[in-house]
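A.B. asks: Here's a sequence, model it:
(chains A and B)
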Amino acid sequence: MKGRVRRTTARVRRTGRVRRAALPYLLLLPALLLELLIHLVPMAMGIAMSFRQLTQFFIRDWSRAPWTGFDNYELAVDINKPVGEALLGSFFTTCLFTLLSVGLCWFLGTAAAVFMQETFRGRGVLRALFLIPYALPGYAAVITWAFMFQRDNGLVNHVLHDQLGIGGAEHTFWLLGDNSFWALLTVSVWKGWPFAFLIVMAALQNIPKDLYEAAALDGAGIWQQIRRITLPSVGAVNQVLILVLFLWTFNDFTTPFVMFGKSAPPAADLISIHIYQSSFVTWNFGTGSAMSVLLLLFLLVVTAGYLIFTTRGRRKADG
Amino acid sequence: MADQGRRRGASGARTKSPLDPPASFKAVRAVFLVLLAAFVLLPVYVMVTSSLKPLKDVAGQFHWIPSGLTVRPYIDIWHTIPLAKYFMNSLIVAGAATACSVVIAVFAAYAVSRYRFRGKRLFTVTVLSTQMFPGILFLLPLFLIFVNIGNSTGIALYGSRGGLILTYLTFSLPFSIWMLIGYFDSVPRDLDEAATVDGCGPLGALFRVVIPAAVPGIVAVTVYAFMTAWGEVLFASVMTNDETRTLAIGLQGYSTQNDVYWNQIMAASLVVSVPVVAGFLLLQRYLVAGLTAGAVK
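C.D. replies: This is a model prediction of the structure:
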C-alpha cells in the first residue's frame, strides 16, 4: 500500500517534470510551425528553384521544370551577357545608393538629435513633426514625392526652373534617365532619417548630465562637448543603427516601385526591383531565384563581416 | 569632491549657467532645424494643398497657393476607384496579420523570456536573421507554393486575403517576437514567480501577471505591426487581384490613360495616412521606447 503511494507520487512528479520541460516547446509550437511555413520552407524552395529552368510554362507545377544545375547562376554572374551585366549594374547602383542614403540619414538624424538634446521652446512640436515621415505609410509618402518630381506639374521643377532660374527654362526629367537616382535618394533620405533621429535621441538620454557640467567647468565649449562626450557615447548604438539602416535601404522595394512602377530606369534600378522585374515581368523565376540567393549570400557575408569587425573594434576600445 | 560641489553651487547661483549654449550655437541650431523641418513638411504641404485643388490646377503648372479651394476630390475619390473596398481589404489583411502575429508572439516571447530550453539560441537567432532578409526572397517561392496548392487542391490562396495575411506574417511575426521578448524581459521575474507560488500555473502567470504588466509594450507592438502591414507594397503587388487589392496597390487606379487625378491621389493618400499617423503620434511614447530598447540592447 505504502509502496504504491510512493510509486504514484514519483510518477506524478516525473510527469510534472516532463510537462514542465515540454512547456516552452508547447508555447513555441505555433511560432515554430509558422516560421517553418513562412520562412524555412520558402527559403529551401527558393534554393531548389534556382537550379531549375522555371519559366511561365511551369508556374502551374514547378516540379516539372527541367533541372539545369548552375545555369541560372552562370547567367546571373556572366557580366558579358545582358542579364549579368544588368544585374551587376543594379548591384553597383544599389551599393552607391545605400552608402549615400545611410550616410545622409545617419548625419541628419544624429545632428537633429544632438541639437535637440537640450530643451528649448517648440522642441516637443518639432519632435512630433520629425516623426511624420516615419509614421506615414510608405506608398502615400512616395506617391507625393513622385508628384513633386513630375516634369511639368511638379513642385521641384517649378521651384528650380521657374522661381530660382536654375538649369534654364527647359524642365528636367526627374523620373526618367540619370536624374532618377537623385530623386530616389531624396525620398529615401526623407523617409529614413527619422529612424536614426529616434535611436540616437534615445541613446543621448543615457548620458549623465554631470559629464557636461564637469566639462563646462573645465572650460570646454559646446562644440568640444559634442565632439568629446556626445558623439563617443552613441558609438555602441551606431553599430546597430547603421546595420539596420543598411539592410532596410539595400532591400527597399516600396520607394522604387511606387516611384517608377515595375521597371525602374537603369540609374535607379535597385536590386530588389531588379529581381522583381526579372521574375514577374519577364517570368523567369529560375533566374530570379538565383539572384535572390546571391543577394542573400551577399547580405549574410556583409552582416557577419560587419558584426565581427565592429564587436572586435569595440572590445579593443573597452580595453 | 567638496571643491567640485562648491563650484557647482557657485555656478548655479549665476543667472547664466555654463550649460547654456552660446549664441553662435543657437543660431546654427535654429538654421539647421528650420531647414530640416521645411524638408520634412514639404510633401505634407503638397499633399494637403493639392488635395483641395480642382483638377485643372494640379494638371497644370504647380502653384504654392491654390487658386481656389474645393473639397470635391474628397468626394470623388470614393467613385473613381472602389476605394472603400480597398480600404476594407487593407483593414482586414493588416488587422488579421497583426492579430495573428501578436497572439502567437506573446506565447513564443514568454517561452524565450522565462524558460531555459534546448534550441533557444537557435530559435532567437533564426527569428532575428529572417528580419534582415529581403521580402523578395520569400515572395517568389510563396507565390509558386500558392499557385501550386491552388492547382492541386482547389484552395485559392493566391489572390485571396488569407494568402496575403500569411505572407504578411513573414515580416510581422519576427519583429513582434523580438520586441515582445524585450518587453517581457523588463517585467520583473519575481512577479510571476510569486504568482506561481500562489498557485498560478505558468499560463496563469502569463495571463494574470506578465501580460497585464507588459500592456504598453503589447499595444506598441500591435500598432507597429499594423503600421508596417498597412504600408506594405511588395506582397500586395503580386498576391492580390481585383477583389482583394489593398490600398497600396489600389491607389494606382487614379492614373488612367487620359488623366492622372493628382488631386484625388493626394486626397486619398491623406485619408489613408491620417489614421496611422494619428495612432503613431498618440502612442509614440510607447512605440519609441520599444523600438529603441530593442536597438540599444
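A.B. asks: Which residue, neighbours along the chain excluded, lies closest to B:Val112?
C.D. replies: Nearest-residue entry for B:Val112: B:Ile181, 5.2 Å, with adjacent residues in sequence omitted and distances by Cβ to Cβ, 6 or more residues apart in numbering or on different chains. C-beta here means a position set from N, CA and C on the backbone, and glycine is covered the same way.
A.B. asks: Nearest the geometric middle of chain A, what residue?
C.D. replies: Centroid-nearest residue in chain A: A:Trp248, 0.6 Å away (criterion: Cα atoms, centre = their mean).
A.B. asks: how about the residue nearest to B:Val112, what does it touch?
C.D. replies: B:Ala109, B:Val112, B:Ser113, B:Thr124 (Cβ atoms under 8 Å, 6 or more residues apart in numbering or on different chains).
A.B. asks: can you tell me which helix or strand the first one belongs to?
C.D. replies: B:Ala109 is part of helix B:83-114 when elements are defined by DSSP states H and E.
A.B. asks: List the buried residues for that helix?
C.D. replies: B:83, B:86-87, B:89-90, B:92-98, B:100-102, B:104-114 (16 or more other Cβ atoms under 10 Å in any protein chain shown).
A.B. asks: Then stretch B:116-133?
C.D. replies: By 16+ other Cβ under 10 Å, the buried positions in stretch B:116-133 come out as B:Phe123, B:Thr124, B:Val127, B:Thr130, B:Met132, B:Phe133.
A.B. asks: what's the answer for stretch A:222-233, then?
C.D. replies: A:Ile222, A:Gln225, A:Ile226, A:Ile229, A:Thr230.
A.B. asks: Put together a markdown table for these, with pLDDT, distance to chain B and secondary structure on each row.
C.D. replies: Below are the buried residues of stretch A:222-233 laid out as a markdown table (pLDDT from 0 to 100; distance: Cβ to the nearest Cβ, whole Å; DSSP: H, G, I helix; E, B strand; the rest coil):
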| residue | pLDDT | distance to chain B | secondary structure |
| --- | --- | --- | --- |
| A:Ile222 | 86 | 5 | helix |
| A:Gln225 | 88 | 9 | helix |
| A:Ile226 | 88 | 9 | helix |
| A:Ile229 | 88 | 12 | helix |
| A:Thr230 | 89 | 13 | helix |
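A.B. asks: Quick one: list the elements packing against the helix holding B:Ala109.
C.D. replies: Helices and strands touching helix B:83-114, by 3 or more Cβ pairs under 8 Å, 6 or more residues apart in numbering or on different chains; DSSP states H and E, are helix A:2-35, helix B:120-130, helix B:161-185, helix B:215-230, helix B:247-250, helix B:262-296.
A.B. asks: do you know which of these lies nearest B:Ala27?
C.D. replies: B:Ala27 lies closest to helix B:262-296 among the helices and strands packed on helix B:83-114, at 28.8 Å (Cβ to Cβ).
A.B. asks: Surely B:Ile136 and A:Val293 touch.
C.D. replies: No: the pair B:Ile136 and A:Val293 fails to qualify as a contact (Cβ atoms under 8 Å) at a distance of 11.2 Å.
A.B. asks: how big is the angle separating the helix holding B:Ala109 from helix B:120-130?
C.D. replies: Taking axes from the mean of the first three to the mean of the last three Cα atoms, to 10 degrees, helix B:83-114 and helix B:120-130 form an angle of 150 degrees between their directions.
A.B. asks: Specify the angle between helix B:83-114 and helix B:262-296 in degrees.
C.D. replies: Computed by the same axes, to 10 degrees, the angle separating helix B:83-114 from helix B:262-296 equals 0 degrees.
A.B. asks: one step back: distance of the residue nearest to B:Val112 relative to B:Val106?
C.D. replies: B:Ile181 sits 11 Å away from B:Val106 when distances are taken as Cβ to Cβ, to the nearest Å.
A.B. asks: what do you get for A:Met45?
C.D. replies: Taking Cβ to Cβ, one finds A:Met45 at 29 Å from B:Val106.
A.B. asks: Can you name the next helix or strand after the helix or strand bottoming out on mean pLDDT in chain A?
C.D. replies: When each helix and strand of chain A is scored by mean pLDDT, DSSP states H and E, helix A:2-35 comes last, with a mean of 72. Once helix A:2-35 ends, the next helix or strand along the chain (criterion: DSSP H and E) is helix A:41-49.
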